[in-house]
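Trainee: when you get a sec, could you give me coordinates for this:
(one chain, ligands or ions: 2)
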Amino acid sequence: MNKLILVKYAPEIFLKGLNRNKFEKKLRDNIKYVLRGVSYEFIVDQNRWFIKGDDLEEIISRVKKVFGVSEVCIVSQVEREFDIIKEEALRVLKEINPATFKVETKRANKEFPMNSMEVSRSIGGYILSQCEDVKVDVKKPELFLQIEIRDKAYVYEKKIKAVGGLPYGMNGSTMLMLSGGIDSPVAAYMMARRGVGVQCVYYHSHPYTSERAKEKVKDLAKIVSSYTGGVRLYVVPFTDIQMNIIEKCREDELTIIMRRFMMRIACALGEKVGVQSVTTGESIGQVASQTMESLICSDDCSDRPVFRPLVTMDKIDIMDIAHEIGTYETSILPYEDCCTIFVPKHPKTKPRLNEIRQSESVLEIEKLVEEAIDGMEVFDL
Ligand code: ATP
Ligand code: MG
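Mentor: Ligands and ions are numbered 1, 2, ... in the order given. So this is what the prediction gives:
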């Protein structure tokens, strides 16, 4: 008997038709990438993926975080012979020692002389004859004993839920506005989970925001990169823009005009580096700049799709995900953000697009955007 890990991928990938091969290849490449440095062997048995290795726990902890993997199972591999399969099924059952069980068999290899029903029934009967206390329960068994018959035969020992989603890098790319807060790293994770390649932009208001605030954003990007296999972070100087707005525009419109600049820069940067969309960590109604009217004003400055994966979520649920993905502790470190420094006392919550366009027309918009991009720093994390 040989213990292996069975890697199951999201059912959505099966539905990709002619593209399925591409998704599978990408997923395999991504799995190989997270397993670098670990000794393992990748085995394919009739479309099923198995991983063999010395340290199964370590392999599981890495593979279950790969987007597109829906479940990882520990299985024992035995020869395709009924008596051997039967003994292995009994061993697994005794090890788990449930009160009730049900056997389910999948026979992918039609050369095997018994059909699935016969195998399940015979093994169920054998187990009952060997164990006194256990009972069969077909509706709600404590142990669902799964057997698969392929080139070899496999008996499932344990199933572990994996992250799901789609293989990273298969669904285009997005420029994620990454602040030091709780929300935007979660937004990055959610886009990445759907297979969208993520690059990040951070607007830095030196000297009003400190070097430590920038380091914090780099730390967050680094955590995001543990899911994506690397992230590029653009740090764009934002002070000149803010100073210009403060000097020349109405105080209650500062935030919304500032957000329009953030959007313009994210799009211009996307154009420059070949990124197709923009993502933010905004959630509807969360703060003054996240009303429907404010979102209309910022989307007005975008020439590409703007994604807000958190738009319908409550803060508490966003925080739960931040805990899960490991960004929360870093996000709550108390360094200032450029938005919090220049906050108007009474920000407009229902800005009118025409009025905002009019107000900001006194600014040299294109020049400010260009200068900001010219001054950016790039970090590969
Ligand atoms: P977060 O927790 O992500 O900071 P928030 O609730 O504090 O969000 P805002 O400060 O209004 O909300 O920011 C909304 C979104 O705008 C953020 O989620 C992020 O995508 C973007 N953003 C805000 N500040 C910056 C910044 N300095 N650099 C890059 N993006 C930013
Ligand atoms: Mg913020």
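Trainee: switch to C-alpha atoms for all contacts and neighbour counts from now on
Mentor: OK.
Trainee: does residue 104 count as helix, strand or coil?
Mentor: Classification of residue 104 by DSSP: H, G, I helix; E, B strand; the rest coil places it in strand.
Trainee: who's in contact with it?
Mentor: Residue 104 makes contact with 116, 117, 120, 144, 145, 146, 147, according to CA atoms under 8 Å, 6 or more residues apart in numbering.
Trainee: neighbours of the first one, how many?
Mentor: Right, residue 116. Residues within reach of residue 116, counting by other CA atoms under 10 Å, total 19.
Trainee: that one contacts residue 105, doesn't it?
Mentor: Yes. Using CA atoms under 8 Å, residue 116 is in contact with residue 105, at 5.1 Å.
Trainee: list the contacts for residue 88?
Mentor: Residue 88 sits next to 78, 155 when contact means CA under 8 Å, 6+ apart.
Trainee: work out for me the element it sits within.
Mentor: Element membership for residue 88 (DSSP states H and E) is helix 82-96.
Trainee: now the helices for the stretch 1-150 of the chain?
Mentor: Along the stretch 1-150 of the chain, counting by DSSP state H, counting those that start in this stretch, helices occupy 11-14, 20-34, 56-63, 82-96, 116-130.
Trainee: quick check: can you list the domain ranges of this structure?
Mentor: Listed by the TED database, the domain ranges of the chain are 2-161, 173-380.
Trainee: now do the longest one, average pLDDT.
Mentor: Averaging pLDDT along domain 173-380 gives 93.
Trainee: gap between the two ends of it?
Mentor: This stretch, domain 173-380, spans 16 Å end to end (CA to CA, to the nearest Å).
Trainee: give me the buried positions along stretch 142-152.
Mentor: By neighbour count with 16 or more other CA atoms under 10 Å, stretch 142-152 contains the buried residues 142, 143, 144, 145, 146, 147, 148, 149, 150, 151.
Trainee: so in terms of bridging, what pairs with the second one?
Mentor: This points to residue 143. According to DSSP bridges, the residues that bridge with residue 143 are residue 101.
Trainee: so it touches residue 102, yeah?
Mentor: Yes. Counting by CA under 8 Å, residue 102 is a contact partner of residue 143 at 6.5 Å.
Trainee: what about residue 37, neighbour count?
Mentor: Other residues near residue 37 come to 8 when the count uses other CA under 10 Å.
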